[in-house]
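In: One predicted model, sequence on top.
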Amino acid sequence: MRKTFPASGQARDEVLNQLRSFKQDDADWSGGRVPLFVFKGSGAAAEISQDAYNIFFTENALGRTRAFPSIQRMEQDIVEMALDLFQAPDEASGFITTGGTESIIQAVQTCRDYERAKRDDPTHRGNIVMAYSGHPAFDKAAGLMDLEVRRVPCGLDYRVDVSALECAIDANTIMLVGSAPCFPYGVFDPIEDLSAVAERHNIWLHVDACVGGYLAPFVRQSGRPIPAFDFSVPGVSSMSADLHKFGFAPKPISTVFYRNPDKAAHHGFEFHDWPNGRFATTTIVGTRAGGAIAGAWALFQHLGRDGYTVIASELMTGIEAYRAEIEGIENLHVLGAPELSIVAVGSNKLDIFRIAEIMQGQGWVPGLLQSPKALHRMMSMLHVPATPQYLADLKEATATVDAESGKGAIISAEY
C-alpha cells in the first residue's frame, strides 16, 4: 500500500529517533566495511567540514552573484587554490560542480561546443576515444549529446594501450581521455604519452582525476613517485577532480578546469528568451548546496598542503601494508601496480566472487570487478584501522573457497 501524507506532525525527538532507526540496517561505513561512497581524512577534518557546512546550510549557490557573494568568494578561492595545486598556467580557469559525473559531462559539452565553433559546424557529431577502463560518465555524456564513444583495450599493466587509442582516432574525434587513476584498477594512464598523441593530432585531452586529483599531489609531496598527470603536461586541455573524495569535503562537490580561456568560454549556459530575463549557470543543475562549498573551502584553509600531505602519507602507509599482506595470501594477488588508494585483488585459481559472497556474510560490502574478476576497494582512513579484521576474514574466506568443491557464486559486479 502506498504511504499516505501524514495528517498531523510528530514530535521532533520522535522523528529523529525514526531516522536513527532507519540506519540500523545500513552497512557499517564508519567501521571501514564499505569499499567506496564514503571518505575520511581525519577526525578534525570531518568536524570542520561539517561545521562549515552547517554555517552555510541554507545558502543556495545558484544565487551567489546576486544574494550570496560569500559563496562566490569561496568558489573563486577554491578554484584558484586548485589551479595552483594542478600546476595550471595563469590563463587557466575552473568551475565548481556537484560531482565527478557532472564535471565530466560539463567537460564533454564544453569540448563539443568548442569543436563545433572551431569547425563552423553547429551540428557536428564527434567521437571520444578512451580506454576500456574509463569511467561510464563519458558514455552518459555521449548519450546525452549524441556523441560516439570508442573504447580501446588496456595493456597487460591495465593502462590504456596508447597505440590502440591512436589508431582509433579519425577526423571526427573531438576528445581523448586519460584517467589518473582509472577507477577499476587504480593505475594512471600514461598521460604524457596521451599528451603527445593529442598534440600530434591537435585533439582535446581530458584527464579524469576525479579519484586522484586531491590525493596524488600530496602523495607526491610525501616522497612517493606519482606520474605526471596535470597541467604540467602540455597537451592536457581539461581536468576533473572530486573534492568530496580525497578533498574530504561534504557531498556533493567536484571541480572541472580548462587550460585556456578559448576552451573555457564554452562551459557556461545562458538563456534570455523567457519572462524572467537572463538565466545563466556554470553547472547542469541550478540549485547547489552552499554548505558543500563552505566545507571544501574550510578544509583547504584548515589543512593546507602540509595537512593533506600528512593524511596522504598515513593513508599510503596503510595501503602499502595492506598490499603486502595480500601478496602473502596464497592464491591472491594485486592487479597491476596501483599508484594510490584503489586496490583490486584477483585470483588465478579461486572464484573471487565466491570469496566476496563469504565476506558479505561477515558484514563487508564487497566491491567487485567483472573484467577480470576481482575484489575492489577504494581505501581512505576509514579502511586503515579495519584492515587487520578485513585481512583475517579474507584469509578465512579464501581458505573456505579453496576447500569447497566448485560451489558457484551468485553475486555479480555492480558499481
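Out: Done, it's in.
In: which non-adjacent residue is nearest S195?
Out: Once flanking residues are discounted, S195 sits nearest to G235: 3.0 Å by CB to CB, 6 or more residues apart in numbering. (Glycine included, C-beta is placed from N, CA and C.)
In: Let me have stretch 7-19 in CSV, keeping just the CA atoms, if that works.
Out: C-alpha atoms of stretch 7-19 as CSV (Å, rounded to 0.1, in the frame of the first residue of the first chain):
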residue,chain,number,x,y,z
ALA,A,7,-2.4,14.2,8.7
SER,A,8,-0.5,15.8,11.6
GLY,A,9,3.1,16.3,12.7
GLN,A,10,5.1,14.3,15.2
ALA,A,11,7.4,15.5,17.9
ARG,A,12,11.0,16.3,17.0
ASP,A,13,12.6,13.6,19.1
GLU,A,14,10.2,11.0,17.7
VAL,A,15,11.1,11.9,14.1
LEU,A,16,14.8,11.9,14.7
ASN,A,17,14.6,8.6,16.5
GLN,A,18,12.8,7.1,13.5
LEU,A,19,15.7,8.4,11.3
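In: what comes up buried for that stretch?
Out: Within stretch 7-19, no residue is scored as buried using 16 or more other CB atoms under 10 Å.
In: What mean pLDDT does that stretch get?
Out: For stretch 7-19, mean pLDDT is 96.
In: Then stretch 236-253?
Out: On average, stretch 236-253 scores 97.
In: Equivalent analysis for stretch 369-388, please.
Out: Mean predicted confidence for stretch 369-388 is 96.
In: which secondary structure elements does the least confident helix or strand in the chain by mean pLDDT contact?
Out: Of all helical and strand segments in the chain, the minimum by mean pLDDT, DSSP states H and E falls on strand 279-281, at a mean of 91. Where contact means 3 or more CB pairs under 8 Å, 6 or more residues apart in numbering; DSSP states H and E, strand 279-281 is packed against strand 269-271.
In: which residues touch L394?
Out: I329, L332, I355, M359, L375 (CB atoms under 8 Å, 6 or more residues apart in numbering).
In: and of those, the nearest to F188?
Out: Using CB to CB, L375 comes nearest to F188 of those, at 20.9 Å.
In: Am I right that the closest one falls within a strand?
Out: Yes - counting by DSSP: H, G, I helix; E, B strand; the rest coil, L375 is found in a strand.
In: okay but it is in contact with Q360, surely?
Out: No - using CB atoms under 8 Å as the test, L375 is too far from Q360 to be in contact (11.0 Å).
In: circling back to that earlier point, mind listing the strands the least confident helix or strand of the chain pairs with, and their directions?
Out: strand 269-271 (antiparallel) (DSSP bridges).
In: the strands in this structure, which residues?
Out: 93-97, 127-131, 148-152, 173-179, 204-208, 236-242, 254-258, 269-271, 279-281, 333-334, 342-346, 368-370, 373-378 (DSSP state E).
In: The contacts of L394, buried ones only, as a PyMOL selection?
Out: Selecting only the buried entries of the contacts of L394 in PyMOL, with 16+ other CB under 10 Å as the criterion:
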select buried, resi 332+355+359+375
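In: Next, format the contacts of L394 as CSV and append distance to A264.
Out: Below are the contacts of L394 laid out as CSV (distance: CB to CB, whole Å):
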residue, distance to A264
I329, 48
L332, 46
I355, 47
M359, 45
L375, 40
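In: what's the closest of the contacts of L394 to T400?
Out: The closest of the contacts of L394, once distances to T400 are taken by CB to CB, is I355, at 8.1 Å.
In: Could you find the closest non-adjacent residue to that closest one?
Out: Distances taken as CB to CB, 6+ apart place A397 nearest to I355, at 4.8 Å, with adjacent residues excluded.
In: how much does the helix ranked longest in the chain deviate in direction from strand 342-346?
Out: Longest helix of the chain, by residue count under DSSP state H: helix 290-327. Interaxial angle of helix 290-327 relative to strand 342-346 (axes from the mean of the first three to the mean of the last three CA atoms, to 10 degrees): 40 degrees.
In: Which strands or helices does helix 290-327 pack on?
Out: helix 43-55, helix 69-85, helix 216-221, strand 333-334, strand 342-346, helix 387-403.
In: Take those and lay them out in TSV including distance to A164.
Out: Formatted as TSV, those follow (distance: least, CB to CB, whole Å):
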stretch	distance to A164
helix 43-55	41
helix 69-85	32
helix 216-221	25
strand 333-334	24
strand 342-346	21
helix 387-403	34
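In: wait, which of the ones you listed is closest to A27?
Out: helix 387-403 (13.5 Å).
In: residues of the closest one that come out buried?
Out: Result for helix 387-403 [16+ other CB under 10 Å]: buried residues T387, Y390, L391, D393, L394, K395, A397, T398, A399, V401.
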